[in-house]
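1. This is the structure alone, sequence omitted:
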């Protein structure tokens with residue numbers, strides 16, 4: 001996984017500056033902060049190029065790119081990247097998925113609840129986690 005992402009980052013630098021050391025500007029969503037920070041550090045050590053990373057929530061990064069801000073690499077959720085590709089702001093041929101994350105949800109042990117039985121508690125969690133009941137799509141840059 002690291003080498004695939006590093007190769008992708010290296011190809012971006014080759015497009016930017018094939019002969020001399022370059023500064024690569026990365027605009028990234030906050031969710032990828034740990035991975036992007038580590039990949040950038042390894043990339044800098046391996047290539048001598050520098051990486052300037054700017055983290056924001058995905059909708060803010062999307063607006064910055066739509067507004068014409070200069071960048072070399074964007075690391076964003078797939079729906080945001082797809083929207084930017086459709087607008088011609090990001091090269092679709094360079095789109096690559098290099099990580100996935102999941103979010104879990106559970107009821108605290110011993111919590112006061114009407115759902116005392118394990119099956120009832122599980123049903124409640126599943127209801128709360130249903131896409132129609134979770135108003136967080138905006139964090140991914142997608143209108144609910």
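-> Sure, I can see it. Computed from a predicted structure; not experimentally measured. Numbering: from 1, shown residues only.

2. Tell me where the protein has helices.
-> For the chain, helices defined by DSSP state H occupy the ranges 2-16, 33-47, 58-66, 78-86, 118-129.

3. least reliable of those helices going by mean pLDDT?
-> Per-segment confidence across these bottoms out at helix 2-16, which has a mean of 49 in mean pLDDT.

4. Share the number of residues neighbouring the residue lying closest to residue 66 once chain neighbours are set aside, please.
-> Computed as CB to CB, 6 or more residues apart in numbering, the closest residue to residue 66 that is not its neighbour in sequence is residue 89, at 6.4 Å. Bear in mind the C-beta positions are built from the backbone N, C-alpha and C, glycine included. If you count neighbours by other CB atoms under 10 Å, residue 89 ends up with 17.

5. before we move on, what about residue 70?
-> Number of residues near residue 70 (other CB under 10 Å) recorded here: 8.

6. From residue 73, how far out is the closest residue to it other than its chain neighbours?
-> In space, not counting the residues next to it along the chain, residue 70 is nearest to residue 25; the distance is 6.6 Å by CB to CB, 6+ apart. From residue 25 across to residue 73, the span is 7 Å (CB to CB, to the nearest Å).

7. neighbour-wise, which of these two wins?
-> Set side by side, residue 25 and residue 73 show unequal neighbour counts under other CB under 10 Å, the larger going to residue 73 at 21 against 17.

8. was I right about the more buried one contacting residue 22?
-> No - here residue 73 lies out of contact with residue 22, judged by CB atoms under 8 Å, at a distance of 11.8 Å.
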